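Engineer: Test case, fold it:
(2 chains)
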Amino acid sequence: MSYSRIPSMTLAIAAAVAMIGCGQKEEPKPAPAPAPVAAPVPPPPPPKPEVTVQLGHVAPLTGPQAHLGKDNENGARMAIDELNAKGLEIGGAKIKFVLVPEDDQADPKQGTIVAQKLVDAKVSGVIGHLNSGTTIPASKIYFDAGIPQISGSATNPKYTQQGFATAFRVMANDVQQGKVLGGFATKQLAGKTVAIIDDRTAYGQGLADEFEKAVVASGGKVVTREFTTDKATDFAAILTKIKSKKPDVLFYGGMDAQGGPMTKQMKSLGLKAKFLTGDGGCTPEYIKLAGAASEGQFCSLPGVPLDQMPGGKAFGDAFNAKYGQIQLYAPYVYDAVMVMVDSMKRANSVESAKFLPEIGKSDYQGVTTKIQFDDKGDLKGGAISLYQVKDGKWEYRETIGGSVVAEVKEAVKEAATAVKDAAVATGDAAKDAMKDAAKEGSKVAAEVSKDAAAAKAAVEKK
Amino acid sequence: MDIFIQQIINGLVLGSIYALVALGYTMVYGIMGLINFAHGEVVMIGAMVALTVIKLLANSGLPVFIIILLALAAAAVVCMAVGFSIERIAYRPLRHAPKLAPLITAIGVSIVLQNLSMLIWGRNYHAFPPILPTSAHDVFGATITTLQVAIVLIATLMMAGLIVLIHRTRLGRAMRATSENPSIAQLMGVNINQIISITFIIGSALAAVAGLMVSANYSIAHYYMGFMLGLKAFTAAVLGGIGNIAGAVLGGILLGLIESLGAGYIGDLTGGFLGSHYQDIFAFFVLIGVLIFRPSGLVGEKVSERA
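Structural biologist: The predicted structure is shown next:
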């Protein structure tokens, strides 16, 4: 970036010089405004140097997860459009953000290729990737190049455990999510026996592993673990096998494109387990693909529901008007862009090396949650919400852990201070009252003594 | 026991789906000796067109049977046009080129069709409207839906129809002659360009049927669905003996059964050492075995003289 900035700045200065040189002839006319009043024309303000900042964005734009990839990209695009419309100034220069969208096809190999491409294009920062499987290998390339990376959706814990100072995510990781899901399956769903399927991707397998640990830890039994791929459509064989084990709950670690048809096939095979899946299946697409079989099934999503977040509803409405229904991660990606730009503002620089240290210190109220990072780059206190399909729609059930607990704690703290204040106030009031009473008493005493004196005088007169 | 029967049914249905697609591969290969890798995408386009028509007519009040027939007709017409154009644009100019050239254009056409349909139908998954009866029949404790019965029957009927067409009709004789030796067939008065076009058109019509059946069974259609399906169907065709009509169906059903039983029992049989993630490996292992001992497939004829 620092290289590409110089020519654009030089250009801007050159343009400014050229304009001055040409005198009034070349004065830019922003709009052919009809100005009948012969007012004195104010001299044009010296143009601020404009700096173009490139932000890379990576998600699968082709292949089975293209619908989610496009959703992510739209989230980033929306943030960038808003920022450009606002017209930010950082380091005394006007900033124009440019999104550099890349397609990694949800393929780890392709993920590293496009990562190198973005590094070569000298982007200031990278938003993405979507899948853990592509994010993890790509993160090393960004780290080596010193380019900050914020993913809105990669949840595999490994991503931030590699010790890369450049890796951040604005979503709770799979350890947190798996724990909540495992507890939910054994407690709330009363699942004694659990079957698990995963799609052998870094995300699906990672989440399923954490889920399995949590189920075992909370006293549940995993009766079978089956596997599919992120490109499959037929699950009859593994579902039939699972049916023979008669589990109470079936957990799927994977995306909606498999989860939907899987639920449908589960029903037509007469498998009566409750279906539970993670964030990858928590989409309207899942319900569309599973049809009536989706009714009553469960999913989890890091964060709290959009309409419960401050500004969440407004974001949802604006997004729907511009790009159509939110699929899944668009608000998280939007926040990822905003957090990165917020760090640039605080660092007063758009240079990767300068604003990178600021990302870790973020304290930003996004549309999804309050974003603060721990020392690894993970979201602090990420909440997990659970949803259930009711009447063909994901309906919010409950939120476990995370910032909601923090919020409650804060509320309790606030209440405590209020009580203390109240107590102090009560004390003051009592004091005042006593003072008043004392005053009153002394007054009365004075009066009494006065009366007594008068009486004494009267007696003496007599 | 009901679980075992269910696995057999699963395999039979999956295999019939492979067979439906494999028929198109094997037919084109049988006549031209060309592997039409774009066939999977033609299946996808069939599914997309059928789905579009069904969505348009779902609330029209027409009987379900009529809607399905109209959707099938529309899909068949579009697929035939696509198939005809593919042959005309991508294969005919390369007919006398080295064998590798049309293979490369086939992959190219496949990518073009995928992206084209992404532009037309978008990146989202399309769900099949629930207009088909979903009633399941009970077979010794296992279940099979009406649609799945239809898939197995249609695969068998299509195979029989194609065999009759190729071995009992005038057109079939011309096809066989073209397959045997195109130059001699042309000298004998066979218009081989026309025959090859007709082969592609029939193959594409079969793809339309397959597309409708696949998307109805999984109630899903997506611009990417043709890729994996095409690959598996190609494997099935090779397994049965590519170029042989009955072999395609046999290969398809065998592949379906291997996958289904493999995924269902391999974990328990190996004590958890191998799991259902080895399902594909198992299928390809069988394929390698067959090719080592019978290079021309299970029922294929010797193809060495074609070289």
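
Engineer: State which helix of chain B is the longest.
Structural biologist: The longest helix of chain B (DSSP state H) is helix B:2-32.

Engineer: residues near residue B:294, how many?
Structural biologist: Burial measure for residue B:294: 13 neighbouring residues, criterion other C-beta atoms under 10 Å in any protein chain shown. C-beta: built from backbone N, CA, C; applies to glycine.

Engineer: about what we covered before: show the average pLDDT along the longest helix of chain B.
Structural biologist: Per-residue pLDDT over helix B:2-32 has a mean of 92.

Engineer: What's the first helix or strand after it?
Structural biologist: In the C-terminal direction, the helix or strand that comes right after helix B:2-32 (DSSP states H and E) is helix B:39-57.

Engineer: Which positions in that following helix come out as buried?
Structural biologist: The neighbour-count check on helix B:39-57 (16 or more other C-beta atoms under 10 Å in any protein chain shown) flags B:39-54, B:57 as buried.

Engineer: Does at least one residue of it sit close to chain A?
Structural biologist: No - in this structure, helix B:39-57 remains apart from chain A according to C-beta under 8 Å from any C-beta of the partner chain; the gap is never smaller than 11.4 Å.

Engineer: now check stretch B:135-145, is it near chain A?
Structural biologist: Yes - with C-beta under 8 Å from any C-beta as the threshold, stretch B:135-145 lies in contact with chain A, specifically through B:136, B:143, B:145.

Engineer: Residues contacting that stretch, please?
Structural biologist: A:268-270, B:1-3, B:5-6, B:9, B:13, B:134, B:146, B:149 (C-beta atoms under 8 Å, 6 or more residues apart in numbering or on different chains).

Engineer: do that again at 7 Å, thanks
Structural biologist: The set of residues that contact stretch B:135-145 without belonging to it, under C-beta atoms under 7 Å, 6 or more residues apart in numbering or on different chains, is A:268-270, B:2, B:5-6, B:9, B:134, B:146.

Engineer: Over to stretch B:227-245?
Structural biologist: The list of residues contacting stretch B:227-245 from outside it, by C-beta under 7 Å, 6+ apart, reads A:231, B:18-19, B:21-23, B:25-26, B:29-30, B:37, B:39-40, B:43, B:159, B:162-163, B:166, B:214, B:247-248, B:250-252, B:254-255, B:287, B:290, B:296-301, B:303.

Engineer: picking that back up, with neighbour count and distance to residue A:125 added, can I get the residues of stretch B:135-145 next to chain A in CSV?
Structural biologist: Written out in CSV, the entries for the residues of stretch B:135-145 next to chain A read as follows (neighbours: other C-beta atoms under 10 Å in any protein chain shown; distance: C-beta to C-beta, whole Å):
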residue, neighbour count, distance to residue A:125
B:136, 16, 53
B:143, 18, 53
B:145, 19, 51
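
Engineer: May I have the predicted confidence score for the residue of chain B positioned farthest from its centre?
Structural biologist: Relative to the average C-alpha location in chain B, and by C-alpha atoms, centre = their mean, no residue lies farther out than residue B:271, which sits at 35.2 Å. For residue B:271, the model assigns a pLDDT of 74.

Engineer: Can you get me a residue count around the residue lying closest to residue A:51 once chain neighbours are set aside?
Structural biologist: Counting by C-beta to C-beta, 6 or more residues apart in numbering or on different chains, residue A:51 lies nearest to residue A:93, which is 4.4 Å off, once chain neighbours are set aside. Other residues near residue A:93 number 19, with proximity taken as other C-beta under 10 Å.

Engineer: Give the bridge partners for residue A:93, please.
Structural biologist: Here residue A:93 sits in beta bridges with residue A:90, as judged by DSSP bridges.

Engineer: Also residue A:373?
Structural biologist: Here residue A:373 sits in beta bridges with residue A:379, as judged by DSSP bridges.

Engineer: Do I have it right that it meets residue A:360?
Structural biologist: Yes - here residue A:373 lies in contact with residue A:360, judged by C-beta atoms under 7 Å, at a distance of 5.4 Å.
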